[in-house]
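Visitor: Provided below for reference: sequence and predicted model.
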Amino acid sequence: MENHVKDYGRSAASKHPDKDENEILVFVYGSLKRGFQNYYGLLDGHIGTSEFLFEGKTKGEMYDLGAFPAVNVNGEGEVHGEVFKVDRRVLRALDRLEGYPSFYNRSKVKVESKEDDRKVKAFIYHIPKQRITSKIRVPGGNWKMQTN
């Protein structure tokens, strides 16, 4: 992945999300994706401002922890998910849900769009590999609906 952040088709301030503190991009890959249980009430606009931008992918390994996945960002595979632009209220709510900083860590990663050449830096919630108890890798790094 390239090192620079490209415009993803929004305002001029959007070209540099690291430089605009009101512009917060988050990459979600599990229960926060559209259609999954934690999307509703958190990323659907009920708490603050949230806008779906695109489906994307980043480097890492995804593990099945049962009801939700965990990602090791230092892995060699790919993790597939969605990029959202959120405000600080939504980010704080996501931090609470993800148990940041006691359970998940939060840091920025490079995310490539699956649809075009957009590349952004976005926050991702992840767990260091030594803290991941599951040995079950999620095939292709794509979390699917869990059905029972």
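Guide: Received, thanks. Here the structure is a predicted model, which is why all the values come from computation and not from measurement.
Visitor: Just the element for Met62, please.
Guide: strand 61-64 (DSSP states H and E).
Visitor: Output the contacting helices and strands for that strand.
Guide: In terms of contacts (3 or more C-beta pairs under 8 Å, 6 or more residues apart in numbering; DSSP states H and E), strand 61-64 is packed against strand 69-72. Backbone N, C-alpha and C define where each C-beta goes, glycine included.
Visitor: Which of the three states applies to Gln130?
Guide: Assigned state for Gln130: helix (three-state reduction, DSSP: H, G, I helix; E, B strand; the rest coil).
Visitor: how deep is it tucked in, by neighbour count?
Guide: Neighbour count of Gln130, defined by other C-beta atoms under 10 Å: 7.
Visitor: Same check on Glu61?
Guide: 20.
Visitor: what's the nearest residue to it if we skip its chain neighbours?
Guide: Gly75 (2.8 Å; C-beta to C-beta, 6 or more residues apart in numbering).
Visitor: can you tell me which residues contact that neighbour?
Guide: Shown in contact with Gly75 (C-beta atoms under 8 Å, 6 or more residues apart in numbering): 59-61, 129.
Visitor: Any chance of a PyMOL selection covering the buried ones in those?
Guide: Those of these that count as buried under 16 or more other C-beta atoms under 10 Å are selected in PyMOL with:
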select buried, resi 59+60+61
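Visitor: out of the contacts of Gly75, who's nearest Ile24?
Guide: Ile24 has its nearest neighbour among the contacts of Gly75 in Gly60, at 20.1 Å by C-beta to C-beta.
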